[in-house]
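Peer 1: Model the structure of this input:
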Amino acid sequence: MMLLLSILLNKFKSSHTDKIVQVVFDHMFSHDNYTVFMITMRIGKQGIPLWFRCFKGKSDESAFQEDLLKQGIKYVSDLFGNDFNLVFLADRWFNSTSLLEYIANLGHTFCVRAKKNIKIKLFDKEENKYVWKTLGDLSSYKNRAVYYKDAIITDKEFKVNIAISMNKGVAKP
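Peer 2: Numbers count the residues shown, from 1 in each chain. The predicted structure follows:
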């Protein structure tokens, strides 16, 4: 399979000058029958499978082990080499700092959706010090994004940039 993907990716031309490739990883469930962890390359509204693993049942914990997730991420990173700038997109299931650090250490970028109860540490200009807040406490607007540079998450004090954006007509989190 890697040979076929390598051949296809050698012919792949990015239409963007920044050579960004969006890579999505997520779990998919079929009732209680099986779970699939899949990593896909996003082209427009289409997803092209790059790597996946299947598990029996919905509660098979091996489908959620970080070693497995890292194995897939490394595989995809090796597939693209240094020719493209990979941006890993994930849902709120994947907000582990060790997973995010792993992606960053491979030289890639990540964008992970987060729940509003996630605590972050930001510099508060009024108090002139860093304070802990939840994402739900931060300002957000319906028609534009708000950016927080060098926010700190978790006790490990992992530094991230945060963008809070709401779609028009969506209630505030």
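Peer 1: which stretches of the chain have low pLDDT?
Peer 2: The model of the chain has pLDDT under 70 over residues 1-16, 57-63, 92-95, 166-173.
Peer 1: Go again with 80.
Peer 2: 1-19, 27-36, 43-46, 53-66, 83, 91-96, 112-116, 139-144, 154-156, 165-173 (pLDDT under 80).
Peer 1: Where do the domain boundaries of it fall?
Peer 2: 1-6+19-113, 115-173 (automatic domain parsing).
Peer 1: Quickly compare those domains and say which is most buried.
Peer 2: Highest mean neighbour count of the domains of the chain: domain 1-6+19-113, a mean of 15 (counted as mean count of other CB atoms under 10 Å). Placement of C-beta: from N, CA and C, glycine included.
Peer 1: Quick check: end-to-end length of stretch 110-129?
Peer 2: Using CA to CA, to the nearest Å, the end-to-end distance of stretch 110-129 comes out at 27 Å.
Peer 1: got the residue ranges for the helices in the chain?
Peer 2: Along the chain, the stretches classed as helices by DSSP state H are 2-11, 66-80, 97-105.
Peer 1: With distance to Lys116 added, can I get the ones you listed in JSON lines?
Peer 2: Listed next are the helices of the chain as JSON lines, based on distance: least, CB to CB, whole Å:
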{"stretch": "helix 2-11", "distance to Lys116": "37"}
{"stretch": "helix 66-80", "distance to Lys116": "24"}
{"stretch": "helix 97-105", "distance to Lys116": "18"}
